[in-house]
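Peer 1: this is a predicted model, with the sequence first.
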Amino acid sequence: MIRVGELARRAGLTVRALHHYDSLGLLKPSARAESGYRLYSAADVARLHQIQALRRFGMPLAEIAGFLAQPDAPLADLVGQQIAALDRQIAQAATLRAQLAQLQQQLHSGEEPGLGDWLSALERMAAYEQYFNKEELAALPLAGATAQREWAALVASVRRLMEQGGAADSEPAQTLAKQWMSMLERDTAANPDFARRLNAMMAERPAARQHSGITPEMKQYVTQAFSAFKLSLYANYLDAEELARMRAQSGTQTGEWLALISAVQAQMAAGAAPHDSRTQELARRWLALFQRHAGADPATREKIRRAHEAHPTLLSGTWMTPALLTYLRTALAALPAA
């Protein structure tokens with residue numbers, strides 16, 4: 001038998017800690033000396049080793065007693081649980097680090113954020129974290145302090161033009177809309193799925209809209225201005241009826257287009273051939289969506305193809321690339337005749 005003080009010294013604990021273990025029912029001494037000192041047997045010492053090992057794994061004292069009461073419980077399960085817990089802690093620490101790094105960048109740029117700036121930055125990041133994981137946030141330029149400043153300036157410019165009564169199809173509005181869409185494509189890392197989720201965040205999180213200053217009316221204004229810019233180029237190729245149809249459909253299918261572009265990009269990245277069954281399915285969906293947008297006449301599709309060849313700027317701010325369009329056209333050509 002070993003007395004409580006000796007066990008505490010050799011185990012690197014305090015006598016008070018051993019008394020606490022006793023009160024919790026974790027480690028009760030096998031006997032007591034006539035003087036009242038707690039006495040521990042070899043089995044007690046072995047149990048203490050188990051308790052300390054479980055503590056090192058991060059298991060709370062309240063759970064250790066239950067675990068030790070199940071001698072057949074697999075240790076691998078415990079280790080797996082603790083690894084998962086550590087992974088969560090690491091992810092939380094990484095998120096906090098990213099938030100602090102952004103605030104540090106703001107400080108290094110000469111700005112002195114007030115309390116409202118700190119709280120807004122943290123609230124903004126909390127919104128982003130509902131839609132993007134930490135790896136995606138690291139690859140999302142829009143979440144950075146520099147991009148946020150650029151967007152604040154652009155939003156202010158659009159707001160001024162709207163307040164001045166500038167029409168959405170005016171040249172100043174079209175210029176700002178082109179800048180808007182180009183920046184949005186850049187700051188979503190040219191990833192259409194990032195853009196789709198960002199749209200969802202703005203639609204579903206009022207706080208995100210408030211922090212950005214982008215109202216639904218402003219979003220509609222920019223959409224109309226960007227559409228007016230593209231239609232001014234398409235007007236050299238399409239007739240009045242075709243233009244009217246595209247104008248009426250403008251901005252109504254953004255989420256569907258982004259999801260479809262993302263899926264096609266993934267097929268390309270995976271090296272799937274244009275005649276692959278999955279690619280063919282996407283091509284059919286693309287054709288159906290295009291026909292809703294511009295009509296079913298193959299001649300219209302050919303006119304739009306020629307417009308894209310003559311005006312590459314039509315693809316700017318659309319998350320589409322010449323390579324993606326070539327891939328799709330090949331897939332469409334391989335579709336069985338209806």
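Peer 2: That came through fine. It should be emphasised that the depicted structure is a prediction, and the values quoted were computed from it without experimental measurement.

Peer 1: shouldn't residue 18 be in contact with residue 27?
Peer 2: Yes - look at residue 18 against residue 27 with Cβ atoms under 8 Å: they come within range, at 6.8 Å. (Each C-beta comes from the backbone N, C-alpha and C, glycine too.)

Peer 1: phi, psi for the residue nearest in space to the middle of the chain please.
Peer 2: For the chain, the residue whose C-alpha lies nearest the mean C-alpha position (Cα atoms, centre = their mean) is residue 132; its distance is 1.3 Å. Taking degrees, to the nearest 10, you get phi -140, psi 140 for the backbone angles of residue 132.

Peer 1: isn't it right next to residue 196, touching?
Peer 2: No - because the distance of 11.6 Å does not satisfy Cβ under 8 Å, residue 132 is recorded as not touching residue 196.

Peer 1: picking that back up, residues touching the residue nearest to the centre of the chain, list them.
Peer 2: In this structure, residue 132 makes contact with 140, 143, 194, 197, judged by Cβ atoms under 8 Å, 6 or more residues apart in numbering.

Peer 1: ok, and the closest non-adjacent residue to the third one?
Peer 2: With sequence-adjacent residues excluded and distances taken as Cβ to Cβ, 6 or more residues apart in numbering, residue 194 is closest to residue 188, at 4.1 Å.

Peer 1: and for the last one?
Peer 2: If the residues on either side of it in the chain are set aside, residue 197 comes closest to residue 131, at 4.5 Å by Cβ to Cβ, 6+ apart.

Peer 1: tally of neighbours for residue 281?
Peer 2: Residues within reach of residue 281, counting by other Cβ atoms under 10 Å, total 13.

Peer 1: that's a strand at the residue nearest to residue 197, yeah?
Peer 2: No - in this structure, residue 131 is coil, not part of a strand, as judged by DSSP: H, G, I helix; E, B strand; the rest coil.

Peer 1: okay, it: pLDDT?
Peer 2: On pLDDT, residue 131 comes in at 88.

Peer 1: which ones are touching it?
Peer 2: 197-198, 200-201.

Peer 1: swap in 10 Å and give it another go.
Peer 2: Shown here is residue 131, whose contacts under the criterion Cβ atoms under 10 Å, 6 or more residues apart in numbering are 137, 140, 194, 196-202, 204-205, 208.

Peer 1: now swap in residue 307 and tell me
Peer 2: Each residue near residue 307 by Cβ under 10 Å, 6+ apart is listed here: 230, 233-238, 314.

Peer 1: one more pass at 7 Å, please.
Peer 2: Contacts for residue 307 (Cβ atoms under 7 Å, 6 or more residues apart in numbering) come out as 233-234, 237, 314.

Peer 1: and residue 172, by the same measure?
Peer 2: Residue 172 makes contacts with 161, 166, as judged by Cβ under 7 Å, 6+ apart.

Peer 1: and it, how far from residue 13?
Peer 2: Applying Cβ to Cβ, to the nearest Å, the value for residue 172 to residue 13 is 74 Å.
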